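Asker: I'll drop the sequence and a predicted model, then ask my questions.
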Amino acid sequence: MIELLSAGTRATVQDWPGRLGYWEVGVPPSGPMDARSFRLGNLLVGNAEGAAGIEVTLTAPRLRFVRAAVVAVCGAPLAVEIDGAPAPQWTALDVPAGAVLTIGSIRGVGLRAYVLVRGGIERPSVMGSRATFAPAGLGGGPLRKGDRLSVGSAPSAPPPSIGAAIASPPMTNVWTLRVVPGPHGAPDLLTADGLDELWRATWTVHLHSDRTGVRLTGPVPDWARGDGGEAGLHPSNILDSAYGVGTVMLAGDMAVVVGPDGPSLGGFAAIAQVVRADLWRLGQVRAGDAVTLDPVDPAYASALHAAAEADIAGALALAPPSAPPLPPRDSPHAPALDEPAPPPVPPLPPRDSPHAPVLDEPVPPLAPPLPPRRCPPAPMLDAPRDGSGGPLTFRRAGEGSLLVEFGEPLLDLRSRVRVHLLRAALDDAAPAGLLDLTPGVRSLHVQHDADRLPAGALLRLLVALEATLPAPDAAIVPGRVVHLPLAWRDPLAMSAIARYESVRAGAPWCPDNIEFIRRINGLPDEDAVRTIVFGASYLVLGLGDVYMGAPVAVPLDPRHRLVTTKYNPARTWTPPNAVGIGGAFLCVYGMEGPGGYQLVGRTVPIWHAGDDPPWRLRHFDELRFEPVAAEQLAELRAASDAGTWAPRVEPGGFSLAEHERFLAANAAVIATFRAMRETAFAAERDAWARDSAVV
């Protein structure tokens, strides 16, 4: 048992690799942000690499160990004491029963440290993991003073000897993140010179970086287009597509690297993917640090990963014993608890030392030498081709992901049906090495284990499967009609808008998002906006747009498609289950957090832990909103939490052929509405240009 005498800053329990298999519905993996330090610390205390431990950010908790334990403190440099006596980091430490482990603040370099205990932290597994996704309460929340943590049974394998040590990886304030370019880039979204400038730039880590994403400030991208069309006014806006952990997206004019608590789906261009060997660095960059993005080709990235894994596997086999204990606290050479303590890096022991490997002992295999670096290829894997149901494009999205895009970059439900059909075929084929499949509005993001399912083999499989798909016109996709209450201008939603005025008071959507929606769509008054929202049937095209089963949905009737732009920069706070419009899409926020959609109100929870599965919506559901007062919504939310109320659900289903007949029958009035909307949209854009506003 471990008792927290103080909590520190944002300390959480994590395991590795985290909560896998739920990316499609907006549940991130979580887990340690610096997985390298975490895994090595577990090996030092004799655990499996993934055993649960404590992640510390900036300031650490004080821990009392009720029973004796073997502990390692890894990660960013800081001072460590056991009952007041200095102790080294990156070393297997013997902590007696009743002793207090005190850890100082992280200062100067690095941001996170890890406390690993032999046996691991024992707590209930939630959706297959003990990792904490604190914003949603999955696996618990940040640790607090007085918390008591159980320690699991010690592994049967003998631990490394007390004092075994591993050298710390270098920490710095100037970082290089090697990236595989793609899936988007030049010339489709950015100019070639503009993309090169992003690679040459030195970026600065923004203060508002966290486990959801590392925000980088730097050059304003040189876009190759004026706007995002139906995806939104800013040229960074795209029809919603999936990301991976480590994706470098351009959210407006700010680069954001998706973290282990980041969103799985969103409407921003993604220009690169941090290589697996460098993902640990995202956990150690801190506000003000300098970052450069170094593009590499996939073969080189895979070799970097192999070398990094070989380094972890061999770290303990060649680990020297610990350096002598640090000097007493009154020595002028002893680091204070609030100063970084350099980790001990002693010389290798002589060959006759009992700790040195003898010549006939097996030495962990080294990774093969790195291949020569080549100029990174374009993100597109081959020329766009005609598939069985129309145009098809395959894009590289990192070492272990492909993005399949269907049709033209337009909002066309035919493309979404094709996504559904290919996804179903992949599910049936179930090739070894296939990981997460995440549908977007017109794309399918395919994550795969590149060691078991190389990108070339996956591409061939996708091409072969797509050629066998039935015609999308013949498909009837299962779905339901889900009725949700909506409190128009809910006070909490309106307070999120008001808070934003301190960020950018002159933004065209301030002080009133609904007035902005009215103006940019050429509608006469707010009642016209309200009538459209409550009269529309919204087809769910994706889940997890802003976490926890949050739908991205589009009105089936094009006359109900209110087009807006997303906030730039994004809000830092949005209440859970706020309802907003961005581009032509509606979203219900799955939980409290940042956001960029223009808010109109709030509804009930769309994630309920007592349900199986807990996400209440599915792909191809139709959402219909019913007006309620804010007070009534509060009652329904309470009843939902208590499990005594659930949304009304009716049978449904989507037929592309029937939908296209509707479009043909109403083509003239749809065209008139679009012309009115596009005229108002252009006028708003011209007004911003005259005011020199960047949106």
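Answerer: Ah, there it is.
Asker: just want the most central residue of this protein.
Answerer: For the chain, residue 262 is the residue whose C-alpha lies nearest the centre (Cα atoms, centre = their mean; 2.1 Å).
Asker: and it, how far from residue 387?
Answerer: Distance, residue 262 to residue 387, using Cβ to Cβ, to the nearest Å: 31 Å. Glycine gets a C-beta too; all of them are placed from N, C-alpha and C.
Asker: please apply the same query to residue 634.
Answerer: Applying Cβ to Cβ to residue 634 and residue 387 gives a distance of 49 Å.
Asker: so the two - more neighbours on which side?
Answerer: Looking at residue 634 and residue 387 with other Cβ atoms under 10 Å, you find the greater number of neighbours at residue 387, namely 19 against 16.
Asker: ramachandran coordinates for the more buried one?
Answerer: phi -90, psi -170 (degrees, to the nearest 10).
Asker: which pLDDT value goes with residue 156?
Answerer: As summarised for this prediction, residue 156 has a pLDDT of 75.
Asker: tell me which residues in the host helix or strand of residue 640 are buried?
Answerer: Using DSSP states H and E, residue 640 falls within helix 630-642. Neighbour counts using 16 or more other Cβ atoms under 10 Å place 630, 633, 634, 636, 637, 640 of helix 630-642 among the buried residues.
Asker: repeat for stretch 460-468
Answerer: 461, 462, 465, 466.
Asker: ok, now stretch 147-159?
Answerer: 147, 149, 151, 152, 154, 155, 159.
Asker: and those as a markdown table, adding secondary structure and distance to residue 138?
Answerer: Shown next, in a markdown table, are the buried residues of stretch 147-159 (DSSP: H, G, I helix; E, B strand; the rest coil; distance: Cβ to Cβ, whole Å):
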| residue | secondary structure | distance to residue 138 |
| --- | --- | --- |
| 147 | coil | 17 |
| 149 | strand | 17 |
| 151 | strand | 22 |
| 152 | coil | 20 |
| 154 | coil | 27 |
| 155 | coil | 26 |
| 159 | coil | 31 |
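Asker: the strands in the stretch 551-695 of the chain, which residues?
Answerer: 551-555, 571-574, 578-582, 585-588, 593-595, 598-602, 622-627, 648-655 (DSSP state E, counting those that start in this stretch).
Asker: most tightly packed of those strands?
Answerer: strand 585-588 (a mean of 29; mean count of other Cβ atoms under 10 Å).
Asker: that older thread, out of the strands of the stretch 551-695 of the chain, which comes closest to residue 475?
Answerer: strand 648-655 (7.7 Å; Cβ to Cβ).
Asker: any idea how far that closest one is from the middle of the chain?
Answerer: 31 Å (Cα atoms, centre = their mean, to the nearest Å).
Asker: what does that strand contact?
Answerer: 413, 417, 475-483, 539, 620-622 (Cβ atoms under 8 Å, 6 or more residues apart in numbering).
Asker: from residue 56, how far off is the closest residue to residue 69 other than its chain neighbours?
Answerer: Distances taken as Cβ to Cβ, 6 or more residues apart in numbering place residue 95 nearest to residue 69, at 4.8 Å, with adjacent residues excluded. Look at residue 95 and residue 56: by Cβ to Cβ, they are 16 Å apart.
Asker: the more surrounded of those two?
Answerer: Remark: of residue 95 and residue 56, residue 56 carries more neighbours, 26 against 22, as counted by other Cβ under 10 Å.
Asker: and that one, what element?
Answerer: strand 53-57.
Asker: which helices and strands sit right next to that strand?
Answerer: strand 12-14, helix 35-44, strand 112-117 (3 or more Cβ pairs under 8 Å, 6 or more residues apart in numbering; DSSP states H and E).
Asker: pLDDT at residue 681, what is it?
Answerer: Residue 681 is given a pLDDT of 88.
Asker: now swap in the one 4 residues further on and tell me
Answerer: The per-residue pLDDT reported for residue 685 equals 81.
Asker: related to what we said a few turns ago, out of the contacts of strand 648-655, which are buried?
Answerer: Looks like those have 413, 417, 475, 477, 479, 480, 482, 539, 620, 621, 622 buried, using 16+ other Cβ under 10 Å.
Asker: of those, the lowest pLDDT goes to which?
Answerer: Lowest confidence among the buried ones among the contacts of strand 648-655: residue 475, with 91.
Asker: so that residue makes contact with residue 656?
Answerer: Yes. Here residue 475 reaches residue 656: they are 6.1 Å apart, a contact under Cβ atoms under 8 Å.
Asker: common neighbours of the two, please.
Answerer: residue 417.
Asker: ok, now which ones touch residue 640?
Answerer: So residue 640 contacts 604, 605, 608, 646 (Cβ under 8 Å, 6+ apart).
Asker: mind checking which of the residues you listed are buried?
Answerer: Judged by 16+ other Cβ under 10 Å, buried ones among the contacts of residue 640: 604, 605, 608.
Asker: in CSV, list the residues you listed along with pLDDT and distance to residue 249.
Answerer: Putting these into CSV (pLDDT from 0 to 100; distance: Cβ to Cβ, whole Å) gives the following:
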residue, pLDDT, distance to residue 249
604, 98, 30
605, 96, 27
608, 93, 30
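Asker: ok, so of those residues, who is nearest residue 48?
Answerer: Nearest to residue 48 among the buried ones among the contacts of residue 640, with distances taken as Cβ to Cβ, is residue 608, at 33.0 Å.
Asker: nearest spatial neighbour of that closest one, skipping sequence neighbours?
Answerer: residue 614 (5.6 Å).
Asker: which residues touch the one you found?
Answerer: Residue 614 neighbours (Cβ under 8 Å, 6+ apart): 549, 607, 608.
Asker: okay, now the second one: neighbour count?
Answerer: Read that as residue 607. By other Cβ under 10 Å, neighbour count at residue 607 equals 24.
Asker: once you drop chain neighbours, what's closest to it?
Answerer: residue 548 (4.3 Å).
Asker: number of nearby residues for the one you found?
Answerer: Residue 548: 27 neighbours (other Cβ under 10 Å).
Asker: can you pull the phi/psi pair for it?
Answerer: Torsion angles, degrees, to the nearest 10, at residue 548: phi 50, psi 50.
Asker: tell me the contacts of the nearest residue to residue 169 once chain neighbours are set aside?
Answerer: With Cβ to Cβ, 6+ apart as the criterion, residue 169 has its nearest non-adjacent residue at 6.6 Å, and that residue is residue 36. Shown in contact with residue 36 (Cβ under 8 Å, 6+ apart): 169, 280, 308, 312.
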